[in-house]
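In: Dropping a prediction and its sequence here:
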Amino acid sequence: MDINQVEKSDHTLPNSLIKDKTPLFEVNHLSLTFRQYKKGLRESSTQVIRDFSLKIHQGEIVAVVGASGSGKSLLADAILGILPENADVKGDLKFAGEELTMEKQMLLRGKDISLIPQSTNALDPLMKAGKQVQSVIKRKNKKSIQERIFHKVGLSKKAGEMYPFELSGGMARRVLVSTAMVSEAKLVIADEPTPGLDEHARNETIHYIKQLADGGKSIMFITHDITAALEVADKVAVFYAGETVEIANIDDFTGKGENLRHPYTRALWNALPQNDFIPLKGSQPLPGETINGCAFESRCPIAVEYCAQKPPQNKSVSGGIVRCFHA
């Protein structure tokens, strides 16, 4: 069996999805709030995601970039339907053109929608690494396929006989990536798959994720590393204080960021060591903090009084999407 066949799904997308280029995955105006009780059993709520929108087409890699604590991993949990009971999710989610209901999330989770989790603790501590990957494979010759994938990601046959506690952090991440590679999922959510890896392993992981897309899978690449995002993605969705402030094409990240439409995105770009290395002062609003206007207003160099009074809406500008009055 050709190893490349391992990465391709036996399931085909609906003809209507291919003909009209309907996104494989789409989320519109997603908000996520957690209910909690304080002293005196008074109920309060904390909003961690507000008005998030995104589209991913078949074979496309869209990076979701944001600082730690911006709600990126909770976004993945909301899509998979694995949030706790006190979570309140609103908005429209669609998969292959159909509404992604809670029942459908349960049906597709681990099958058509797969997760490369942020924590290597997601591996079953009582199952050998090779068996964990084999459990996802639906074809015959499971062990042979698993060993080929391990070889492809730089893991030996011996690694397949090891338990998670015997693996290094980098090896454990490669096992998680291998699981996504052998699955028949159409959408793969990679939640911070590169932290803790040395440069070689990091570059290899990015390469494997590109291969998943080349095999027809759609990828949501969640990261705080904008450099990694630019190496792997077709588009970058910039996440700030629980909302998308811009969705930009990779080609927009050039020069001084003249083609970028949002001040926060330009600040991220110009803060990179290979650019001007200018740090962004201040910090993003805390989860649950009341925001009447633009979430970036307090740190924005071009903000005016109006920016603090009313939240800007998404608008299309020069082939991208931006949430800014000045764009």
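Out: Perfect, I can see it now. All values reported here derive from a predicted model rather than from experimental measurement.
In: In the longest helix along the chain, which residues are buried?
Out: For the chain, the longest helix by residue count, based on DSSP state H, is helix 199-214. Neighbour-count burial for helix 199-214, counted by 16 or more other C-beta atoms under 10 Å, picks out 201-202, 204-206, 208-209, 211-213. For the C-beta atoms, the positions are set from N, CA and C on the backbone; glycine is no exception.
In: Please apply the same query to stretch 225-243.
Out: Within stretch 225-243, the residues scored as buried using 16+ other C-beta under 10 Å are 226, 228-229, 231-243.
In: quick revisit: who touches the longest helix of the chain?
Out: 7, 59-61, 152-154, 170, 173-174, 177, 180-181, 188, 190, 193-194, 197, 219, 221, 228, 231-232 (C-beta atoms under 8 Å, 6 or more residues apart in numbering).
In: This protein: strands as residue ranges?
Out: Ranges of strands in the chain, per DSSP state E, are 25-38, 42-56, 61-65, 87-95, 98-99, 113-116, 187-191, 218-223, 235-240, 243-249, 315-317, 320-322.
In: strands paired with the fifth one, and their directions?
Out: Using DSSP bridges, strand 98-99 pairs in its sheet with strand 87-95 (antiparallel).
In: Now do the strand it pairs with: distance to the chain's middle.
Out: Between the centre of strand 87-95 and the centre of its chain there are 16 Å (C-alpha atoms, centre = their mean, to the nearest Å).
In: what's the angle from that strand to strand 42-56?
Out: Here strand 87-95 points in a direction 20 degrees away from that of strand 42-56 (axes from the mean of the first three to the mean of the last three C-alpha atoms, to 10 degrees).
In: before we move on, the earlier item: now intersect the contacts of helix 199-214 with the helices, please.
Out: Within the contacts of helix 199-214, residues falling in helices by DSSP H are 152, 170, 173-174, 177, 180-181, 228, 231-232.
In: Mind checking which of these are buried?
Out: Judged by 16+ other C-beta under 10 Å, buried ones among those: 152, 170, 173-174, 177, 180-181, 228, 231-232.
In: Let me have these in JSON lines, extended by distance to I291 and pLDDT.
Out: Below are those laid out as JSON lines (distance: C-beta to C-beta, whole Å; pLDDT from 0 to 100):
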{"residue": "K152", "distance to I291": "45", "pLDDT": "83"}
{"residue": "G170", "distance to I291": "39", "pLDDT": "81"}
{"residue": "R173", "distance to I291": "35", "pLDDT": "84"}
{"residue": "R174", "distance to I291": "40", "pLDDT": "86"}
{"residue": "V177", "distance to I291": "36", "pLDDT": "86"}
{"residue": "A180", "distance to I291": "35", "pLDDT": "88"}
{"residue": "M181", "distance to I291": "40", "pLDDT": "86"}
{"residue": "A228", "distance to I291": "28", "pLDDT": "92"}
{"residue": "E231", "distance to I291": "32", "pLDDT": "94"}
{"residue": "V232", "distance to I291": "31", "pLDDT": "94"}
